[in-house]
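S.K.: I need the structure of the sequence given here:
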Amino acid sequence: MIFSDELSLSIFKIFTMISKTRLFLLFFFFLMATLSGCYSFSEGSLPSHIKTIAIPVFGDESSSGIGQLREQLTTKMVDHVQSQSSLVIEQDRRLANSVMEAVIKSYSDEPSQVSSTTERATQNRISITISVTYKDLVTKKTLFTQSFTGISDYAIGDFTAQQESIEEAIDQVSDDILNRLLAGAGW
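M.R.: Next comes the predicted model:
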């Protein structure tokens, strides 16, 4: 009987330990899920006098053949700045505290995956590279000049997927540019 009581006690201790571990993990995941919603971008690293930004229509040196690419990219960048920062878009560059000048340097739509049996491409990759210069118009300083690339793959022969892939690459490059703008570099 003593053996049975010791076994029961051991099983009870193990069960209690597992329950505490599960409870702790459940609490931890709940806490992480709750706190992840508290994150937001902060312009703390932008110079304090920068409250407005002008974003002229992007230039296009890519020879992409896509007539609306520069307008799509400019519109997406304006949308990102408006929705994810406190910077105010100023249409008149002369009235803005800062300006983001951008040029589409390259656009490509090339095979990214080849079938091992047919040796034909099964996926293509959209790649968009943009050169951005961000200037403080109050101090007349260039805050950064950097290139950014957005990429996205799609199944060959699917026009809708190709258009979605272009949108994904535009979203990606716009996110990267905004993150760089808001992150600063000790200016």
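S.K.: CA atoms for contacts and neighbours, from now on please.
M.R.: Noted.
S.K.: would you map the strands across this protein?
M.R.: Using DSSP state E, the strands found in the chain span residues 52-54, 59-60, 88-89, 98-114, 121-136, 141-155.
S.K.: of those strands, which approaches residue 70 most closely?
M.R.: Of all the strands of the chain, the one in closest proximity to residue 70, counting by CA to CA, is strand 59-60 (6.3 Å).
S.K.: and the helices in this protein?
M.R.: 2-36, 69-84, 159-183 (DSSP state H).
S.K.: which of those comes out lowest on mean pLDDT?
M.R.: Here these differ in mean pLDDT, and the lowest is helix 2-36 at a mean of 55.
S.K.: so which of the strands of the chain comes closest to residue 176?
M.R.: strand 141-155 (7.0 Å).
S.K.: direction included, what does that closest one pair against?
M.R.: Sheet partners assigned to strand 141-155 using DSSP bridges are listed as strand 121-136 (antiparallel).
S.K.: now the angle from the partner strand to helix 159-183?
M.R.: With axes from the mean of the first three to the mean of the last three CA atoms, to 10 degrees applied, the angle from strand 121-136 to helix 159-183 works out at 30 degrees.
S.K.: in strand 121-136, what counts as buried?
M.R.: By neighbour count with 16 or more other CA atoms under 10 Å, strand 121-136 contains the buried residues 122-136.
S.K.: could you chop the chain up by domain?
M.R.: Following automatic domain parsing, one finds the domains of the chain at 1-39, 52-183.
S.K.: look up how far residue 179 lies from the closest residue to residue 149 other than its chain neighbours.
M.R.: Excluding its sequence neighbours, the residue lying closest to residue 149 (CA to CA, 6 or more residues apart in numbering) is residue 129, at 4.3 Å. Using CA to CA, to the nearest Å, residue 129 is found at 16 Å from residue 179.
S.K.: re earlier: ok, and which of the domains of the chain has the densest surroundings?
M.R.: Most buried of those by mean neighbour count (mean count of other CA atoms under 10 Å) is domain 52-183; its value is a mean of 17.
S.K.: and that domain, how far out from the chain's middle?
M.R.: From the chain centre to the centre of domain 52-183 is a distance of 11 Å (CA atoms, centre = their mean, to the nearest Å).
S.K.: quick check: end-to-end length of that domain?
M.R.: With CA to CA applied, domain 52-183 spans 16 Å between its terminal residues.
S.K.: residue contacts, the residue nearest to residue 177 when sequence neighbours are not counted?
M.R.: Counting by CA to CA, 6+ apart, residue 148 is the residue found nearest to residue 177 once chain neighbours are left out, at 6.9 Å. When contacts are counted by CA atoms under 8 Å, 6 or more residues apart in numbering, residue 148 touches 129-132, 173, 176-177.
S.K.: just residue 169 next, same as before
M.R.: Listed by CA under 8 Å, 6+ apart, the contact partners of residue 169 are 126-128, 149-152.
S.K.: before we move on, back to that, of all the domains of the chain, which one is nearest residue 46?
M.R.: That would be domain 52-183 among those, by CA to CA, at 6.5 Å.
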